[in-house]
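**Student:** sequence plus the predicted model coming up.
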Amino acid sequence: MIWLNIVFIITTVGLVTSILMQSSSSGLGSAFGGGGGGFHVRRGSEKRLYQTTIVLATLFLLVALTHLFLI
């Protein structure tokens, strides 16, 4: 069971890091309806970071559910 805790910690740190590395040029104003930014296409390293975040979030969910049902 200790391996599950280690995987959970590594996944959590990776997910938090990948989320914090993403930059948002629109700021907080667009969250409340402000900012008239249009469609944004991710390219290059930004796209890779976005895909990594999705993979880590999915892995985090799976490890958390496994942890819930095994312990």
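**Tutor:** That came through fine.
**Student:** what's the neighbour count on the closest residue to residue 50 other than its chain neighbours?
**Tutor:** Taking CB to CB, 6 or more residues apart in numbering as the measure, residue 50 lies nearest to residue 42, with 5.3 Å between them; neighbours along the chain are not counted. Bear in mind the C-beta positions are built from the backbone N, C-alpha and C, glycine included. By other CB atoms under 10 Å, the residues close to residue 42 number 12.
**Student:** ok, residue 42 touching residue 52?
**Tutor:** No. Counting by CB atoms under 8 Å, residue 42 sits too far from residue 52 to count as a contact (11.8 Å).
**Student:** overlap of the contact sets of the two?
**Tutor:** Shared contacts of residue 42 and residue 52, defined by CB atoms under 8 Å, 6 or more residues apart in numbering, are not found at any residue.
**Student:** low-confidence ranges in this protein?
**Tutor:** Per-residue confidence of the chain (counting by pLDDT under 70) places the weak regions at 24-38.
**Student:** run the last query once more with 80
**Tutor:** With pLDDT under 80 as the threshold, the chain has low-confidence stretches at 23-40, 42, 71.
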